[in-house]
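Chemist: I need the structure of the sequence given here:
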Amino acid sequence: MSEDRLEARRLATSVYVGTSVDGFIARPAGEVDFLDSAEPLDEDYGFADFLASVDALVMGRNTFDWVIESGVEWPYGDKLVLVMTSRAFVAPPGLADLVEPTGLGPAEVLIDLAARGVERVYVDGGQTIQSFLRAGLVDELTITKVPVLIGTGIALFGELTGDVRLEHLETTSFDNGLVQSRYRVPRS
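Modeler: Numbers count the residues shown, from 1 in each chain. Below you'll find the predicted structure:
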């Protein structure tokens, strides 16, 4: 294992994501309306605790743009957010101290964050999650399945170079039909 990869592995990386039962994170054009199709509960499905457990986020540009354009209140508090992008990027007003673009790959992003004292990272966005998985740099996955089949869309998991073994940690079902499973990705 290269020294860069060893340095990147010092950080814990976690994914927290919602999908349809058939494994899609969005419809073909990026809409995520189906994620709200289950009857709401006064429940955040563990997201606040999860977010409190991480020091920083790495997300893809499409995910970042969706968060900004959705009009929801900035959900990440004062956490550092690195946005993986190759396009021109200017942080929105009020977020310039928290949001930075990066053109680095997964291992280099983690090395950068480790140098800043970060220990635990939330990885978000379909393509970003896939790139971290392909690089062997995801430690834990929390996947919440919404009880709906949408048939087509943007898949959470894309092509991989081989099997990714998972260790099941726990599964919680909610009264509205959501099922949340947490997995550890054993280090190779």
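Chemist: From here on, just use CA atoms for contacts and neighbour counts.
Modeler: Noted.
Chemist: now the residue nearest the centre of the chain, nearest residue through space, not along the chain?
Modeler: In the chain, the centroid-proximal residue (C-alpha atoms, centre = their mean) is D124; its distance is 2.1 Å. Leaving aside its sequence neighbours, D124 sits nearest to M59 (C-alpha to C-alpha, 6 or more residues apart in numbering; 4.6 Å).
Chemist: tell me the pLDDT at the one you found?
Modeler: M59 carries a pLDDT value of 97.
Chemist: Give me the contacts around the helix or strand where it lies.
Modeler: For M59, the host element (DSSP states H and E) is strand 56-60. For strand 56-60, contacts defined as C-alpha atoms under 8 Å, 6 or more residues apart in numbering pick out 79-85, 118, 120-128.
Chemist: Need the mean per-residue confidence for stretch 30-50.
Modeler: 85.
Chemist: Looking at the contacts of strand 56-60, which are in helices?
Modeler: 126-128 (DSSP state H).
Chemist: Let me know the closest of the residues you listed to N176.
Modeler: G126 (24.8 Å; C-alpha to C-alpha).
Chemist: related to what we said a few turns ago, and the next helix or strand past the strand holding M59?
Modeler: Scanning forward in sequence from strand 56-60 by DSSP H and E, the next helix or strand is helix 61-70.
Chemist: helices and strands around that next one, which ones?
Modeler: strand 80-84 (3 or more C-alpha pairs under 8 Å, 6 or more residues apart in numbering; DSSP states H and E).
Chemist: Tell me the strands beside the strand it packs on, with direction?
Modeler: strand 56-60 (parallel), strand 99-102 (parallel) (DSSP bridges).
Chemist: picking up where we left off before, the residue nearest to D124 bridge partners, please.
Modeler: On the basis of DSSP bridges, M59 is bridged to V83, D124.
Chemist: Isn't F157 up against G126?
Modeler: Yes - taking C-alpha atoms under 8 Å as the definition, F157 is a contact partner of G126 at 7.4 Å.
Chemist: What distance do you get for V121 to G46?
Modeler: Distance of V121 to G46, given as C-alpha to C-alpha, to the nearest Å: 16 Å.
Chemist: So between F157 and G126, which is more surrounded?
Modeler: Under the neighbour definition other C-alpha atoms under 10 Å, F157 and G126 were set side by side, and G126 has more, 21 against 15.
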